[in-house]
Structures are given as C-alpha cells and as structure tokens.
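K.L.:
Provide a 3D model corresponding to the input given below.
(2 chains)
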Amino acid sequence: MIPELGHYALILALAVALVQATLPMIGAHRGDIRLMALGRTAALTQAFLIILSFAALTEAFVTSDFSLAMVVANSHSAKPLLYKLSGVWGNHEGSMMLWVLILAVFGAAVALFGENLPDGLRARVLGVQAWVGVGFLAFILFTSNPFLRLSPAPPDGNGMNPLLQDPGLAFHPPLLYLGYVGFSVTFAFAIAALIEGRVDAAWARWVRPWTLAAWCFLTLGITLGSWWSYYILGWGGFWFWDPVENASLMPWLAGTALLHSAIVVEKRDALKSWTVLLAILAFSLSLLGTFLVRSGVLTSVHAFAQDPARGMFILAFLLVVIGGALALYAWRAPTLQSGGLFQPISREGALILNNLLLCTLCATVLLGTLYPLFLDLLSGAKVSVGPPFFNTTFVPISFALFAAMCVGPFLGWKRAELWPALVRLRTAFAVAVIGMILAATVIDSHATLAALAFGFGVWLILGSLLEFADRVRLGRVPWAETRRRLATMPRASIGMTISHAALGFVVLGSVATAAWNVELIRTFKIGERARFADWEVTLTNVEPVRGPNYDAERATITLTKDGKRFAVLTPERRMFLVQRREVAETSIQTNFLRDLYATLGEGDAQKGWTIRLYDNPLAPWIWLGAALCAFGGFVSLSDRRLRVGAPKRSRVVAQPAE
Amino acid sequence: MKSNRLLYLLPLLTLAILAGFFGWSLVSGRDPASIGSALVGRPAPTLKAPALRPGEAALTDALLHSGKPVLVNFFASWCTPCLAEAPLLDRLAKKDGITIIGIAWKNKPEEARAWLERLGDPFAAVGYDLDGKMAVDWGLSGVPETFLIDAQGVVRLHFRAPILEKDVTDRILPLLKAGGS
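P.N.:
Numbers count the residues shown, from 1 in each chain, chains lettered A, B, ... in the order given. Prediction:
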C-alpha cells in the first residue's frame, strides 16, 4: 500500500512539474501575476509530493519490505539501520530518487526564500528548474521505477555491495548531489537571465548564495568520497584520477571559477556572458558526471550503477538540457553588453586569470577522462590515462593558480600596482622558499616537484593570513582600531581567507602523503617482527570476529619505538555473508600530523598474512583542509549582503548598465 | 561581429562533438572493461605442458595444428568463476563436439584432478602449468581465460573472463561454422 502511494505521489509530482515548467513561463512572458505566482505553489507542491514518495521508499527499506524488487536487490534484513537507510540511495533507482528529491527541495527553497526576486525572474527560474525535474522524473518513472513489486516476495534480500557499507559512503552521495543539484539553481538563473536578456550586479548577487551553497556541498561530497577511497579501498592513496572522481572534480572547478567570475559581474558589471556560460557549464558537467557513472561509457570503481540501456535516455536528456541551454546562449549571449574595460593588473584582472587557469584545469581533466574513449572509438586502441598524465599537466597549471591566488586579493579594483602587493607578501614568499629548500634537502633530495609544491602550500597559508592581517592593519594601527576593523569585516572576505588558507593545507597534506610516505608490504607470521620507518612492527595476533552481517579476521599489529609501545593497529578482512564478498577494513591511527595505516591481506597461520603498512605524513590535512575550505564557503554564505534575496534590483535599475 | 557570433556558438559545437562520441560509444556496443588482446590474429603461442591425467602424453603444439579449430581454456580448482563456467564447457565438448584443451594454471595437479573428477572433465587434452611460466607467453592475466584457435593455429578470439552463453552463440559458434569445423 505505502509503495503504491509513493509511486502515485511520484506520478503526481511529474504532472505538477509539467505545470510548473510551462504556466509560470507563459505568465512571465505575458506579465500575468497570477500565472507567475503559480510557480511558487507548484514548486512547494512538487517538493511535498517527492518528499512523500521518497519517504515511502525509505519506509520500505527500513521495514525490509521484500515485496519491492529494489529492496530485494539492495537490502538485507540483517543489515544495520544506517545501511538500510543509505541503501535507499546506494543504487541506481534510489540515487535518481535522491537527485529529484534534492532538486525539488532546492526549487522549494527558491520559492520560499526568493521573496525579493522580481516576479518574472523567479517564475522563470522555477520554470527552468521544473524542466530539469520533468526530465529526471520521466527518467525514473519510465526507465527505473523504484516501486516495482515482486510476486512472490522472496524471504530475504541480496544485500548491498559491502564496499558501500561504510558511514563515509552513506553520506557521500547526498552531499555530492546537494552540490551537483545545487548548480541547477545557478543554471536556472542563467537561463532565466538569457531569456530576459539581462545580467546585472543584482543578478550576480542573487546567484551567489546558491553557487556558494552548491560549491560547499560539492567540496564536502568530494572530500568524503576521497576519504572513503583512502580507507576502504586499502591502497593507501587518496585520489586516483578515476573517471568518476574526475566527473565530480570538473563541476567543482567550473563552480569555483563561477564563484569568482560572479564577483566581477557584481562589482564591475563585466564578464557577463562568460559568467552565464560558466553557470551553464557547472551544471552541465554535473549532469555529465551522472551520465558517465551510469551509462557504461567509461569504467570505474563505481560500476555498481551501470546500465547501457539507460545510457541513451540520459544522453538524449543531456542533449536537450545542455544543448538547449547552449543554443539559447549562442543566440542571446551576444546581446549581453559588457560594462567597463579593465586593466590586467587589477582585482578583476586577477580574477580573470583565476578563471582562465581554473577552466584550463577543467579542460585538462575533461580531456584526460575522455581521451581513452575517443581513442578507442577512433582507432580501437586501448589506453588508460592515469596519474602520470595528470601529474604532468594538472599539477604545473595549479602551481600557477596557487602563485596568483595570494596576490589577487592584494590588488585593488580597476587599477592596481603589482609591486606593492608583492612587497607586502615578502614574508610569505621568504618562508615558502625556506620551506621549499628545507623540504628539498632535509626530507627528500630528489623529489624537487614535491618540494616545490610543498613551498606553494606554505605560500598559500601564509599569503592568505598576511592578506587578512593587512586588511585589519594588524600591528600597524592601535589594537582597538584593528579590533574595530575585525568586527566590521565582511564575512565574505573572512570566508575567502579561510578557504584560500585551507587549500594550502590540502596541498601540504597531498604532497607529503604522495611523495614522502613510507610503505611496507610483506607476509607476517604471528609473532614475526620487521622494521618499518622508525618503528619495529610485530604481528601480535590474528583472531576471528563476528560482525552483524559479516565474519572477519582481525589482526593485531603492534608498533614499538625504542622498546616502548607506540601504536596498535587492528585491520580486518571482512567476509560479507550474503554477497560472499571480502572487504578489507583498514586500521588507521592518526595524530593529525601523520597516519599510520594498515590493511590485512590473504593468509593463514602456516604461510603468514600479507600486511601492508603505510606511514602517511600530514595525510589528515588533506580532508581537514578540504572540510575547512567548505567551512570558509559557509562563513561567506552567512554574510548579510549575500543573504538570499537581500539585494534589490530597483536601485540598479535606476541606472541600467545597458 | 561575425567572428564574435561564432565564438558564442563554440560551446554548442563542442557539445555536439562530445555527444556524437557518447552516442557512438553507446551504439557501438563496445565493452569499456575489455582490455583487448595482442594475440588475436597471430599464431598461437607455444603449448608445452605436462599432462594432468596420469599416463597421457604431454601437451605439445601438435594439438593446435590438428587441422581442426580448438578452444584452449585456462582454469584452476581454486577459481570460483571457473566453477561457473564448467557446465558450459562440458556442454560445448559433449553436445557441440568442440575440442577443448585445458590447462590448470597455478594449481596443484592432484587438486585440479579431483576438481575435474567432481565436475566432469570436458577436455580432450589437459595439462598443468604449476608455476604459470607457459601462461606468460599466452598473455594470461588470470583464470579463467579462453582462446579460440583456428585450423591454421591462429588465435581468433581471446576471452579474459568466464565465457557466457552469449559468447558461445554470438562469437564462438559463428566463427567455428565459418571456419568449417
């Protein structure tokens, strides 16, 4: 009964979305207030229906209703509650449900918080959003219905891919989708602006909070995904340039560029058509990410959701959405007049450089990800583009970005001098160079690229902090004045400092982990010892343990230093009973400066067990830094000036830019 | 102004090209997971292995040049996908009359023998490659892998996975028919 209600609610939601996609658009065109107002009602109704439908599906998972085909395929009665919940979205149909749920909730948020938006703009934004919703709802209802019944119902389910049974991964898809789908609002704003033919400072300010929110969630989503692959795949790495990782990195890069170019639109009334294009691209790349994961066009560790039959539908949908948007762009964007001219050495000049570099990075990732596909189709040759390609292309370009990132905020709008900015950064530069030399000589004499990157990490942190200190005139004016400046400082610029400095921590963590880790792989019998970095390692014990839905072998590995116990690691090898699949459970000991990381491989008491040990210096900084980066975004989001709907267009309209 | 217009069309054109590739990829039915094989279209590598069944002659290249197409199947008793593949191989040998040569890979002979006794032995000749040395020439990446070698001793197909019903009907049998077995 409840699943049928859910199914019915979903069909109704499609009908409501169709109404929302058409009538408010017509209303905006004719200037009919009542039709425009319908957009808000429809958006709220649609969100309510989809929440209902999603709740019905969740109920089926929680109560293990095995008359639903999807529950049978992806759940099991012995699974812990958290994974019954995450099982809702840990598969193709459910993840699409999560996608439309978030889309509808974002739509409702625009309807609720967009009070100060002009009626026409709001109606169009909601209309565009609804079109995307129509596509996804139709996709679910016609090709991937999650409410299919099975008769007779089997006694128990097949369980879920054990790799996904992990708290990190339970929250990874929702966060990632909040990011992906968040860009749909920005996208809708861009399309609405193209239809209206107007992009101005007020538009940029309305778009900014949505872009920021989407960007923050995407940052967190990527961070969790990377953390998951670090400790569950047991390879000791944190980023593999896997097509699916790249698919989430591309919208992030485009979104980051958008975040910065929107500032130029807001402050200088320039870069308009470019910003609109970025808004379209950020969402297009999000859609592409979904497509790549699901269509079977590329292989990856995320193969769990592949189905070529659905690929065509998604491709057609992509073509309509992205193709339609870009066609509209080609038609309308040339009419968007740019405001001022500007100097290369200025804040806006620096932001353009930032955009160029970010877009180059994004194009590099796109090329690297799709190249194997192109080559395979054109010549039948099989290649895999891996870390070597990205290390030689992505890394040097990002160095340029890092170098410019600290200088930009020191430059004023319109016209600035480069030299004084550099002079004010001299301390950061000096320390970064010292750090670089230290890294090159003390830690490692042949990894010069790593030493260079290490220097850039230091530069980013210090440069951002110096800019902050400079802004509050720390030490140059009396303390009371500094405090006053601190109190009145806009949250947006505090957020910027946090995020920029946080990126420095990510760089330091990545470099140290990738270049200076120590690795030991060998077989141990119980009681055997070996040297590992500064420690002596002993395999103390291996014992069987029982989990809720798995049996496991747990090793106890003791690390001692000068005879004193330093750490105990307990990696496991879990055998999931339902799927007959083995998963290594990594054991990590961290003190926030280094991770001691151990995984247990195959073996028995006679032959010994294969054990991998890693000492990853600064590894926790990667994820803490990335989380801090997202936090900076949230701080910026809390800025009064950026509150959703806060800016009014009226005063801008008084002196139109066109 | 005209060139400017074209600039605005550039994103759309890029999308069209990308979409063309994606569509082509979906229609072509290519398997992104397949690695392909360097051996296809070349003479089969050397076959030289001691016999698994006691009292039989060792396996040699002569088996690949009998004037009849053969399947060469690498397996191991410890490999679960091989277990899944076994009934199909059995049917191919007994019903379709295809000659299959088996090689137990990195498998103790007595274990492989016991496994074949239990599941039924589809092989016309079967050897073992305990240290996996011979398999290196065959470009083996694991078990099960299956090669179709034509009457001239040339490798025609290479499966890097358990063969499935559809592999047999779509690829193996048509080739055998065309080859005039």
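K.L.:
next SSE downstream of the helix or strand hosting A:Q20?
P.N.:
Assigned by DSSP states H and E, A:Q20 falls within helix A:2-30. Later in the chain than helix A:2-30, the nearest helix or strand by DSSP H and E is helix A:33-62.
K.L.:
show me which positions of that following helix end up buried.
P.N.:
Neighbour counts over helix A:33-62 (16 or more other CB atoms under 10 Å in any protein chain shown) mark A:35-40, A:42-54, A:56-58, A:60-61 as buried. C-beta coordinates here come from the backbone N, C-alpha and C atoms, glycine included.
K.L.:
please apply the same query to stretch A:554-567.
P.N.:
Neighbour-count burial for stretch A:554-567 flags A:554-559, A:567 (criterion: 16+ other CB under 10 Å).
K.L.:
go on, stretch B:9-29?
P.N.:
The neighbour-count check on stretch B:9-29 (16+ other CB under 10 Å) flags B:9, B:11-12, B:15, B:18-19, B:21-23, B:25-26 as buried.
K.L.:
specify which member of the residues you listed is nearest to A:L101.
P.N.:
Of all those, B:F22 has the smallest distance to A:L101: 26.6 Å, by CB to CB.
K.L.:
once you drop chain neighbours, what's closest to that closest one?
P.N.:
Of all residues not flanking B:F22 in the chain, A:L315 sits nearest, at 5.5 Å (CB to CB, 6 or more residues apart in numbering or on different chains).
K.L.:
sketch out the low-pLDDT regions of chain B for me.
P.N.:
For chain B, residues meeting the criterion pLDDT under 70 lie at B:1-3, B:29-37, B:179-181.
K.L.:
and A:L121, which helix or strand is it part of?
P.N.:
Using DSSP H and E, A:L121 sits within helix A:119-143.
K.L.:
hang on, the earlier thing: what's the spacing between the helix or strand that contains the residue nearest to B:F22 and its chain's center?
P.N.:
Element membership of A:L315, judged by DSSP H and E, is helix A:308-318. Relative to its parent chain, helix A:308-318 has a centroid offset of 23 Å by CA atoms, centre = their mean, to the nearest Å.
K.L.:
so what pLDDT did the residue of the stretch 1-150 of chain A found nearest chain B get?
P.N.:
Nearest to chain B in the stretch 1-150 of chain A, going by CB to the nearest CB, is A:T143, at a distance of 14.1 Å. Note on A:T143: pLDDT of 84.
K.L.:
what separates stretch A:23-34 from the chain centre, distance-wise?
P.N.:
Distance, stretch centre to chain centre, for stretch A:23-34: 36 Å (CA atoms, centre = their mean).
K.L.:
show residues contacting that stretch.
P.N.:
Outside stretch A:23-34, the residues that touch it by CB atoms under 8 Å, 6 or more residues apart in numbering or on different chains are A:35-39, A:42, A:119-121, A:123-124, A:126-127.
K.L.:
sorry, back to before: same list (the buried residues of stretch B:9-29) but as a markdown table, adding distance to A:S464.
P.N.:
As requested, the buried residues of stretch B:9-29 are exported to a markdown table (distance: CB to CB, whole Å):
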| residue | distance to A:S464 |
| --- | --- |
| B:L9 | 39 |
| B:P11 | 33 |
| B:L12 | 38 |
| B:L15 | 37 |
| B:L18 | 36 |
| B:A19 | 41 |
| B:F21 | 41 |
| B:F22 | 40 |
| B:G23 | 45 |
| B:S25 | 43 |
| B:L26 | 45 |
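K.L.:
go through these and name the one nearest A:I2.
P.N.:
Nearest to A:I2 among those: B:L26, at 36.0 Å, using CB to CB.
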